[in-house]
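**Q** structure, please.
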Amino acid sequence: MEKIILSRKGYDDQYGGKPSVILPDGTMLSFPIPVTGEEVGIETKNLSINGKSLQKIFEDLGHSTISQHHHVDPDIYHLSGNQPLGAYGQAGAALGHLNNQGVGVGDTFLFFGTFCKTNLLDNKLQYEMMHPFHAIFGYLKVDRKVSMTEIDNETDLAWLKHHPHYINKEIGDYKKANTIYIGANYGYFKYNDRLLLTKPGYKKSWWQLPSFFSEVRLSYHENIVKRASQGFVEFQSVAKGQEFVMESNPELAKWLSDILRNKIER
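**A** Sure, this is the predicted structure:
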């Protein structure tokens with residue numbers, strides 16, 4: 001049965017220290033996290049989206065990481081150049097969770113993170129005065145799970161040699177267990193309230209989802225208390241865990257279809 005995976009990515013309080021942004025035109029831009037330790041990444045100055053320099057965006061917003069290197073993953077924005085397919089890597093214990101849940105070909109990752117809206121003042125991007133919130137910003141439907149050995153041996157996978165999970169394959173968790181999911185159906189969204197996970201006016205970890213989620217098994221959330229409220233279900237999302245896996249059903253399939261209507265055509 002098809003699975004839908006809510007996958008936490010991008011800047012937050014721990015990684016980067018500030019929210020990712022909803023640009024004034026509604027584009028949801030998830031900032032790739034800074035690399036740490038011996039990991040290798042891509043410099044801020046070499047990243048851009050639709051002609052907009054990430055370094056200029058960081059300068060406008062007052063980020064202190066404008067000269068850092070970044071872990072560009074999921075690779076759905078073409079921040080560092082064009083590529084034939086969408087790609088997302090996972091390693092270590094988090095990959096073990098995905099494997100244990102049977103995630104693979106035909107399943108869909110929905111990437112979410114911490115966001116804040118922005119506006120322009122004197123042609124300079126700035127955060128709006130608001131509480132950051134969790135929202136879904138992009139997706140990838142899996143066509144194939146790729147190992148590092150397959151990248152070494154198959155010429156049509158050579159483009160993945162630029163992916164951070166390949167570049168760093170000999171260090172840390174990457175060396176223990178490492179996979180890249182690729183697919184032709186991927187992208188990012190223009191903001192719409194249906195992409196919002198956080199209940200408006202609440203802390204970002206307090207989620208409000210359609211009422212049918214009361215019967216949905218969401219990994220890492222099996223023992224949480226869900227509360228019905230005015231056609232929705234509310235609950236405290238867990239602080240740990242990168243991926244939360246659900247088995248699809250007709251209601252979830254329609255919910256996913258509604259979310260994908262917000263994709264920005266490439």
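**Q** where does the residue positioned nearest the centre of the chain sit: helix, strand or coil?
**A** Residue closest to the mean C-alpha point of the chain, counted by Cα atoms, centre = their mean, is Phe111 at 3.2 Å. Counting by DSSP: H, G, I helix; E, B strand; the rest coil, the backbone at Phe111 sits in strand.
**Q** kindly report the same for Glu234.
**A** Classified using three-state DSSP, Glu234 is strand.
**Q** thinking again about what came up before, what about the closest residue to the residue nearest to the centre of the chain other than its chain neighbours, how many residues nearby?
**A** In this structure, Phe111 finds its nearest non-sequential neighbour in Gly138, 4.5 Å apart by Cβ to Cβ, 6 or more residues apart in numbering. For every residue, glycine as well, the C-beta is placed using N, CA and C. Using other Cβ atoms under 10 Å, the number of residues around Gly138 comes to 27.
**Q** distance of the residue of the chain positioned farthest from its centre from Ser211?
**A** Residue farthest from the centre of the chain, counting by Cα atoms, centre = their mean, is Asp122 at 30.5 Å. Computed as Cβ to Cβ, to the nearest Å, the Asp122 to Ser211 distance reads 44 Å.
**Q** next one: Trp255
**A** Taken as Cβ to Cβ, the span from Trp255 to Ser211 is 11 Å.
**Q** over to Leu95?
**A** Taking Cβ to Cβ as the measure, Leu95 falls 32 Å from Ser211.
**Q** which of these two has more neighbours?
**A** Neighbours per residue, other Cβ under 10 Å: of Leu95 and Ser211, the larger number sits with Leu95, 22 against 14.
**Q** can you classify that one as helix, strand or coil?
**A** Looking at Leu95 with three-state DSSP, the answer is helix.
**Q** what's the local residue count around the nearest residue to it once chain neighbours are set aside?
**A** Leaving out its chain neighbours, the residue that sits closest to Leu95 by Cβ to Cβ, 6+ apart is Ala177, at 5.0 Å. Ala177 sits with 15 neighbouring residues when counted by other Cβ under 10 Å.
**Q** check what pLDDT Ala177 gets.
**A** Note on Ala177: pLDDT of 95.
**Q** which residues touch it?
**A** Taking Cβ atoms under 8 Å, 6 or more residues apart in numbering as the criterion, Ala177 is in contact with Ala91, Gly92, Leu95, Gly96.
**Q** redo that, cut-off 10 Å
**A** Neighbouring residues of Ala177 by Cβ atoms under 10 Å, 6 or more residues apart in numbering: Gln90, Ala91, Gly92, Ala93, Ala94, Leu95, Gly96, Asn99, Ser147.
**Q** ditto for Asp12
**A** Asp12 touches Lys18, Pro19, Ser20, Phe31, Ile33, Gly113, Thr114, Phe115, Pro132, His134, Lys204, counting by Cβ under 10 Å, 6+ apart.
**Q** the stretch 101-250 of the chain: strands as residue ranges?
**A** Assigned by DSSP state E, counting those that start in this stretch, the strands in the stretch 101-250 of the chain fall at 108-121, 124-127, 133-141, 144-146, 178-183, 185-188, 206-210, 227-229, 232-236, 243-247.
**Q** so which of the ones you listed is the most packed in?
**A** Scoring the strands of the stretch 101-250 of the chain by mean neighbour count under mean count of other Cβ atoms under 10 Å gives strand 133-141 as the most buried, with a mean of 25.
**Q** would you confirm that Gly81 contacts Asn46?
**A** Yes: if you go by Cβ atoms under 10 Å, Gly81 and Asn46 touch, sitting 8.9 Å apart.
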